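In: Any chance you can model this:
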Amino acid sequence: MRKAACLVVMLAMHLPAVAFQAKGMGFIFIEPTGLSLKMWFQRGAGFQAAAGWSSRRGNPFQVQADYQFLQRVLYQSLSSEFRFYAGAGARLDFHSDIRVSVRIPLGLDFQSWDVPLNLFLELTPLVNLNSTVGIDLRAALGVRYLFDGFRPGR
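Out: Residues are numbered from 1 along each chain as shown. Coordinates of the predicted model:
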């Protein structure tokens with residue numbers, strides 16, 4: 001299972017550069033703690049995915065992916081940029097069974113043009129689609145190294 005998640009992340013990093021303006025890979029912490037991948041499309045939208053272990057009881061392995069349809073610049077200077085983003089996606093938790101949730105990520109991205117790093121903070125309401133439907137709130141923060149002309153949105 002872990003090998004499959006790592007393979008998906010590595011394959012996604014090798015998608016054609018024409019489709020993406022920038023891409024980054026790094027680490028996500030808290031919920032889950034593991035690897036993070038983000039790709040910015042030419043028109044300001046993005047895709048992000050993560051795989052890792054939950055900080056919740058039992059430390060289940062998780063895989064999540066989101067399409068970010070809204071990205072707005074909050075602050076921009078010659079050396080950095082802050083963006084707000086919102087999106088929709090899904091999460092799979094691998095307990096004794098597989099638990100599925102709908103994700104609605106809301107976050108802040110920070111990029112420095114001097115150093116190819118992307119820092120992010122995210123709050124994510126979840127709609128759990130198990131035998132009992134429930135709503136939950138999760139948070140994450142992380143850092144990614146940006147590849148290939150690391151100026152998303154430009």
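In: Could I get the full set of helices for the protein?
Out: In the chain, the segments counted as helices under DSSP state H are 2-13.
In: quick one: the strands in it?
Out: Remark: strands assigned in the chain by DSSP state E are 20-29, 33-41, 46-53, 61-76, 80-94, 98-103, 106-112, 117-129, 133-147.
In: Select from those the stretch with the lowest mean pLDDT.
Out: Mean pLDDT per stretch puts strand 20-29 lowest among the strands of the chain, at a mean of 85.
In: Turn the strands of the chain into TSV, columns for mean neighbour count.
Out: C-beta coordinates here come from the backbone N, C-alpha and C atoms, glycine included. As requested, these are exported to TSV (neighbours: other CB atoms under 10 Å):
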stretch	mean neighbour count
strand 20-29	21
strand 33-41	22
strand 46-53	22
strand 61-76	17
strand 80-94	18
strand 98-103	16
strand 106-112	19
strand 117-129	17
strand 133-147	16
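In: Just give me the residue right at the centre of this protein.
Out: Note on the chain: the residue nearest the mean C-alpha position is residue 48, at 3.7 Å, using CA atoms, centre = their mean.
In: mind listing what it touches?
Out: Taking CB atoms under 8 Å, 6 or more residues apart in numbering, we find residue 48 in contact with 36, 37, 38, 39, 65, 66, 68, 87, 89, 105.
In: give the contact list for the residue lying closest to residue 120 once chain neighbours are set aside.
Out: Spatially, and ignoring its direct neighbours in sequence, residue 120 is nearest to residue 109 (5.1 Å; CB to CB, 6 or more residues apart in numbering). Residues near residue 109 by CB under 8 Å, 6+ apart: 71, 81, 82, 83, 85, 118, 119, 120.
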